[in-house]
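Engineer: Mind folding the following:
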Amino acid sequence: MRRFLFGTLAIVGLLWIVGVFATRAPATEAPLGLPPILQPADNPQTPEKIALGDKLFHDKRFSSTGDVSCATCHDAEKAFTDSPLKVSEGINKLTGTRNAPTVVNAVYFDKQFWDGRSPSLEDQALHPFVNPVEMGLKDHQPILEIVRTDPEYVEAFEKVFGKSGEAITMTEVTQAIAAFERTQVTANSPFDRWFYGGEEGALTDAQKRGFELFVNEGRCVSCHVVEQTQALFTDNRFHNIGVGINDIQDDVPELAGEFIKAEITASEVDIKVLTDKRTSEIGRFAITRTFDDLGAFKTPTLRNIAVTAPYMHDGSLATLRDVVVHYNNGGVTNEGDPVNDFLSGGIRPLNLTDGEIDDLVAFMEALTSPEFEHLAKDTAGEK
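Structural biologist: Residues are numbered from 1 along each chain as shown. Below is the predicted model of the structure:
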């Protein structure tokens with residue numbers, strides 16, 4: 001089994017690591033089950049920078065109402081999501097179109113957001129501040145006024161970046177936030193202790209059967225990658241798996257045509273996909289204008305997946321069992337619904353039994369890190 005995984009999937013992971021190392025600074029150690037933590041050469045980690053990023057991440061003054069911070073949608077007490085909300089709530093309880101992805105292990109993602117419209121954690125941090133349904137600022141100037149005048153920030157930016165006054169820009173703000181986010185790395189799950197640590201009793205028999213299904217009949221490992229020495233549980237790619245775009249198939253020619261004809265900036269895309277559900281459903285296509293990307297969204301990591309319900313980019317599937325049933329039906333949420341015209345190759349019925357579906361769910365429940373085990377117990381208590 002492990003030789004099989006290494007023989008094919010490890011090559012993909014190795015190429016990914018080599019490519020990233022070419023532009024990154026030396027790595028630091030990671031928990032059992034994860035590769036080394038890479039950091040950009042132009043934004044090295046320091047304790048002071050991480051502490052500054054933590055403060056910025058939690059500052060509600062950076063929203064137009066003073067009620068919303070980055071932590072509102074990425075709450076450490078909810079595995080850095082806003083579970084159980086289907087889609088996130090911003091200022092004045094306004095809702096967008098996307099489910100909040102976890103910040104945990106985001107350091108390993110090639111691109112950020114469900115559609116990959118940001119190339120880095122630094123760039124990602126820019127956008128929520130000025131999105132009308134998130135933090136609602138007209139521009140970044142109010143943030144700069146605060147960090148240039150608040151005594152604690154003045155001292156911190158001088159210490160971390162050697163800058164003060166107008167020399168402080170959003171570059172330094174987002175570098176600090178990204179530095180904090182890069183510390184949110186967890187693994188050491190029961191699966192890691194069993195597969196990488198050799199702890200035979202770490203998984204139940206059902207979870208072991210679920211892993212066999214995950215690798216073989218379920219074909220989950222094709223996108224949620226597991227290698228011989230590490231498991232990101234994502235291929236860092238984008239796929240149409242039959243969620244969302246089903247509802248707008250008749251509108252796709254019109255929507256796609258608008259994006260092909262128009263010169264739309266990254267900031268305009270950011271606003272449009274969160275304020276217009278129809279546009280949201282075209283997924284990665286909004287960024288690439290490539291028809292193969294219609295309705296495609298990023299493969300999320302499965303780590304801590306049991307404590308971050310609901311699921312999919314739109315939060316439309318309530319439970320892990322719902323997710324497995326969706327795949328078992330060949331990318332159809334409800335039996336009898338039509339298959340969408342833009343489904344990615346490889347999505348087809350799995351013909352799993354109810355018992356096998358239960359085992360797959362049990363396996364995914366074994367991907368919860370110790371830091372979030374209490375959330376899994378709370379969820380179990382609600383059932």
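Engineer: can you pull out the strands in this structure?
Structural biologist: With DSSP state E as the criterion, the chain has strands at 24-28, 37-40, 238-239, 297-298.
Engineer: Remind me what the last one packs against, helices and strands.
Structural biologist: In other words, strand 297-298. Contacting strand 297-298 under the criterion 3 or more C-beta pairs under 8 Å, 6 or more residues apart in numbering; DSSP states H and E are the following elements: strand 238-239. C-beta: built from backbone N, CA, C; applies to glycine.
Engineer: same question, the second one
Structural biologist: Other helices and strands packing on strand 37-40, by 3+ C-beta pairs under 8 Å, 6+ apart, are strand 24-28.
Engineer: State the mean pLDDT of the strand it packs on.
Structural biologist: Averaged across strand 24-28, pLDDT comes to 60.
Engineer: what do you get for stretch 217-229?
Structural biologist: Rounded mean pLDDT across stretch 217-229 is 96.
Engineer: Could you do stretch 290-299 as well?
Structural biologist: Rounded mean pLDDT across stretch 290-299 is 94.
Engineer: Same check on stretch 160-170?
Structural biologist: 98.
Engineer: Can you give the contact residues for it?
Structural biologist: 46, 48-49, 52, 126, 140, 143-144, 147-148, 154, 157-158, 172, 175-176 (C-beta atoms under 8 Å, 6 or more residues apart in numbering).
Engineer: Among the residues you listed, which pair sits farthest apart?
Structural biologist: Maximum pairwise distance among the contacts of stretch 160-170 (C-beta to C-beta): 23.5 Å, between 46 and 140.
Engineer: Looking at these two, which one has more neighbours?
Structural biologist: residue 140 (16 against 13; other C-beta atoms under 10 Å).
Engineer: I'd assumed residue 127 was in contact with that one.
Structural biologist: No: using C-beta atoms under 8 Å, residue 140 is not in contact with residue 127, being 10.3 Å away.
Engineer: mind listing the helices for the stretch 251-383 of the chain?
Structural biologist: Under the criterion DSSP state H, counting those that start in this stretch, the stretch 251-383 of the chain contains helices at 252-261, 266-275, 277-280, 285-288, 320-328, 354-365, 373-382.
Engineer: Please tell me how far the fifth one is from the chain's geometric centre.
Structural biologist: The one in question is helix 320-328. Centroid separation between helix 320-328 and its chain, computed with C-alpha atoms, centre = their mean, to the nearest Å, is 19 Å.
Engineer: So which elements touch it?
Structural biologist: So helix 320-328, by 3+ C-beta pairs under 8 Å, 6+ apart, packs with helix 354-365.
Engineer: Lovely, talk soon.
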